[in-house]
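# here's my sequence, what's the structure:
(one chain, ligands or ions: 1)
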Amino acid sequence: MKEKIESIVSQLKNELEKDLNLVDLEALRVSYLGKNGKLTELMPLIKTLPNDEKPQFGKWINEAKAEMESLIAHKKNVLLTQQMNEKLANESIDVSLPGMNFKKGSLHPLTLVTNDLEDYFVGQGYKVAEGPELELDYYNFEMMNLGVNHPAREMHDSFYVTSNTLLRTHTSPIQARYMEKSKGDPIAIIAPGKTYRRDPDDRTHSHQFMQCEGLVIDKNISFANLKDTLLSLAKHLFGPERTIRLRPSYFPFTEPSVEVDVSYVDSDGNIGWIEVLGAGMVHPNVLQMGGYDPKIYSGFAFGIGIERIAILKYKIDDIRQFYTNDLRFLNQFKGVL
Ligand code: FA5
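All right, here's what the predicted structure looks like:
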């Protein structure tokens, strides 16, 4: 009888050597230890044995059962671990694989110039001011000394939205708004932003462009201060060898007014001049309307065309390049700070 039991155990051992999965293992357990299993089927034989052999038989059966259960449990553990390892291997992330290639953007050349102007002037104690792009006629023209029938309004062909609101034609209305809120305190600001005019688009003109306004008001501000500010700015923007030329001009909001040209040397070594901005001493009417007594206060103002600066600095041939979002153009500014 002992041999019979031992042979069932060794049969099971052989079966467990085979390539099994968890379902096979459960079927194997049932076929040996289940209700009609090979070991269970031996149980009724106990009745046929003499009484003194019965305890020994019971002991063998129990020992065999315990051993078989433990063999099956061990195999189950091995299979579960194997299954888990396979799952982990399938789900693992290979950190050495190259990542997804995110396309990096870069700063737009007009942003580069604006940032540069802001850094430069903030370093000299100026504040950066802002104003709305949809502006009241009152700030865009009237407060800038351009009354309703002023002929110079013609110079700014405008996009009117209602009879008294328009897309601002220059950044100068920010001057008026800032004066109003400063209530007579000294001012030193720059104000960069978008501007709009009904100019036909060509290589040097765009219906939307950017300006950077500058305004300084205090006691004893002179034309020499304006000239020094503009000369230092030109050297900062274009290099220490540059100089500037002031040409008399006319703006209703400044008196005297000038156009400012910056020098350059062409490929033949000749000196040329390029106009980059308008400027002048703040007109007494503008000071008065802004709440400053022109007998006590004086000031200068300037308005730089930002595209103009970018065109010169980065040697760009057509202003429309700034507004067509062509990546072949924009990618050239990657890494430029
Ligand atoms: C003005 O707009 C004055 N507000 C500037 C000013 C401010 C003068 C404070 C005095 C005191 P002007 O119209 O010249 O001025 O424009 C200034 C600059 O804006 C020009 O030199 C030019 O660089 C740029 N600009 C004007 N119109 C266009 C346009 N359609 N496209 C691109 N740039 C333009």
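
# from residue 61, how far out is the residue in the stretch 201-337 of the chain that the ligand sits nearest to?
Ranked by C-beta to the nearest ligand atom, the top residue of the stretch 201-337 of the chain for proximity to the ligand is residue 305, at 1.9 Å. (Each C-beta comes from the backbone N, C-alpha and C, glycine too.) Between residue 305 and residue 61 the computed distance is 103 Å (C-beta to C-beta, to the nearest Å).

# same check, this time on residue 240
Residue 240 is 105 Å from residue 61, where distance means C-beta to C-beta.

# more neighbours, these two?
The neighbour comparison of residue 240 against residue 61 (other C-beta atoms under 10 Å) goes to residue 61, with 19 against 8.

# from what I see, that one and residue 41 are in contact.
No - if you go by C-beta atoms under 8 Å, residue 61 and residue 41 don't touch, sitting 11.0 Å apart.

# just the strands in this structure please.
Ranges of strands in the chain, per DSSP state E, are 127-128, 134-136, 159-162, 165-167, 187-196, 208-218, 244-251, 254-265, 271-282, 298-305.

# does the third one come close to the ligand?
No - using C-beta under 6 Å from any ligand atom as the criterion, no contacts between strand 159-162 and the ligand are found, and the smallest distance is 12.0 Å.

# just want the most central residue of this protein.
For the chain, the residue lying nearest the average C-alpha position, counting by C-alpha atoms, centre = their mean, turns out to be residue 105 (7.9 Å).

# the nearest residue to residue 143 once chain neighbours are set aside - how many residues pack around it?
Nearest residue to residue 143, sequence neighbours excluded (C-beta to C-beta, 6 or more residues apart in numbering): residue 176, at 3.6 Å. Look at residue 176: counted by other C-beta under 10 Å, it has 24 neighbours.

# quick check, pLDDT for residue 176.
With respect to pLDDT, residue 176 scores 97.

# so who does it touch?
Applying C-beta atoms under 8 Å, 6 or more residues apart in numbering to residue 176 gives the contacts 139, 143-144, 286, 289-290.

# residues of the stretch 201-337 of the chain that sit close to the ligand?
Residues of the stretch 201-337 of the chain lying near the ligand by C-beta under 6 Å from any ligand atom: 205-206, 209, 211, 213, 251, 254, 275, 277-280, 301-303, 305, 307-308, 319.

# can you pull the pLDDT of residue 337?
So residue 337 comes in at 66 (pLDDT).

# for the protein, which helix is longest?
Secondary structure of the chain read by DSSP state H shows that its longest helix is helix 54-91.

# hmm, back to that, partner residues bridging the residue of the stretch 201-337 of the chain closest to the ligand?
residue 211 (DSSP bridges).

# also residue 301?
For residue 301, the beta-bridge partners under DSSP bridges are residue 215, residue 280.

# confirm for me that it is in contact with residue 287.
No - shown here, residue 301 and residue 287 do not form a contact pair, counting by C-beta under 8 Å, at 10.6 Å.

# neighbour count: these two, which is higher?
residue 301 (25 against 20).

# okay, domains of the protein per the record?
2-90, 109-333 (automatic domain parsing).

# how close does residue 288 sit to residue 22?
Taking C-beta to C-beta, one finds residue 288 at 94 Å from residue 22.

# local confidence estimate at the residue of the chain positioned farthest from its centre?
The outermost residue of the chain relative to its centre, with distances by C-alpha atoms, centre = their mean, is residue 50 at 91.9 Å. On pLDDT, residue 50 comes in at 88.

# torsion angles phi and psi at it?
Per-residue torsions, residue 50: phi -60, psi 150 (degrees, to the nearest 10).
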